[in-house]
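Undergrad: Sequence and computational prediction follow.
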Amino acid sequence: MSQLPLLEIRNLHVAVDGKEILKGVSLTINRGEIHALMGRNGSGKSTLAATLMGHPRYEVTKGEVLFEGRNLLEMEVDERARAGIFLAFQYPVAIPGVSVANFLRSALKSLRGEELSAREFRTALKEEFRALHMPDNFASRYVNEGFSGGEKKRLEIVQMGLIKPKLAILDETDSGLDIDGVRIVSENVNRIAGEETGVLLITHYQRILRYIRPHFVHVMVGGRIALSGDESLAHELEQRGYDWILQEIGAEEKTLQEVG
């Protein structure tokens, strides 16, 4: 019997405040695959990420999403997290008064249903900090309060390393990172991802894909996946931008109208 896909999105339509944003997205991610989702601002990339995690503002009007064969859309946000889905936010928020260590230890307890010993947790956290080139004193700081953009993004990957999700959705993790930051974050995404982990990497630019090599690249235009290919597609976008895709879509639509 063949193994079920990790994530199946079928003809997904999503509206925000009555306005349709996603207009028929279909995508399958298997374990061990890295998918890069690219596109201009407003194309629907972050809407897809938020919908997959169950943000209440995003209304699914049509389509279905299956996670390991289960109906993801019937699951609450915390159920999705416990099932193994992780979202690294485009704009991580600060949580004043809550230390990084307490936040991460509580998250692990909630996801695993049991608490690590203090020694095990300290060891695991230090290893992740070391891998992300972050000093140990970040453990006592309040979550993202006073952090630079790059520090916030590195902390997201620390969380990913501790949680070890089945599906990691990385929403523009490269934004706010300098050259070294992009390399360090990418190296750790590659370290954490493996044969059992699927990755949906949302990005504007090709630069992070120099380090995280995707198996598939998808381009989103106007709430739909307009084009898919291998990593060479990302290089082509770097050279030609997005206009040529818009022109091709326009030509195809015109042809279909003439045939119809």
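TA: Good, I have the coordinates. Numbering: from 1, shown residues only.
Undergrad: Thought residue 50 was touching residue 58, still the case?
TA: Yes: Residue 58 is within contact range of residue 50, at 5.4 Å (criterion: CB atoms under 8 Å). Glycine gets a C-beta too; all of them are placed from N, C-alpha and C.
Undergrad: And the helices in the protein?
TA: 45-53, 77-83, 100-112, 118-131, 149-163, 179-192, 231-240, 243-259 (DSSP state H).
Undergrad: ok, of these, where does mean pLDDT dip lowest?
TA: When these are ranked by mean pLDDT, helix 243-259 comes last with a mean of 59.
Undergrad: ok now do residue 38, which residues does it touch?
TA: Shown in contact with residue 38 (CB atoms under 8 Å, 6 or more residues apart in numbering): 45, 202-204, 217-220, 234, 237.
Undergrad: What is the lowest-pLDDT residue among those?
TA: residue 204 (83).
Undergrad: Only alpha carbons, please: show stretch 144-159 as CSV.
TA: Provided in CSV are the C-alpha atoms of stretch 144-159 (Å, rounded to 0.1, in the frame of the first residue of the first chain):
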residue,chain,number,x,y,z
ASN,A,144,11.2,38.8,20.4
GLU,A,145,11.1,41.9,22.6
GLY,A,146,13.9,44.2,21.4
PHE,A,147,15.1,41.5,18.9
SER,A,148,16.3,42.6,15.5
GLY,A,149,14.5,41.2,12.5
GLY,A,150,17.3,38.7,11.9
GLU,A,151,17.2,37.6,15.6
LYS,A,152,13.5,37.0,15.4
LYS,A,153,13.9,34.8,12.3
ARG,A,154,16.7,32.8,13.9
LEU,A,155,14.5,32.2,16.9
GLU,A,156,11.8,30.8,14.6
ILE,A,157,14.3,28.2,13.4
VAL,A,158,15.4,27.4,17.0
GLN,A,159,11.7,26.6,17.6
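Undergrad: buried residues in stretch 70-86?
TA: Buried residues in stretch 70-86, counted by 16 or more other CB atoms under 10 Å: 72-73, 75, 80-81, 83-86.
Undergrad: same thing with stretch 179-187?
TA: So stretch 179-187, judged by 16+ other CB under 10 Å, has buried residues 181-182, 184-186.
Undergrad: Can I get those residues in a markdown table including distance to residue 192?
TA: Output for the buried residues of stretch 179-187, formatted as a markdown table (distance: CB to CB, whole Å):
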| residue | distance to residue 192 |
| --- | --- |
| 181 | 16 |
| 182 | 16 |
| 184 | 13 |
| 185 | 11 |
| 186 | 11 |
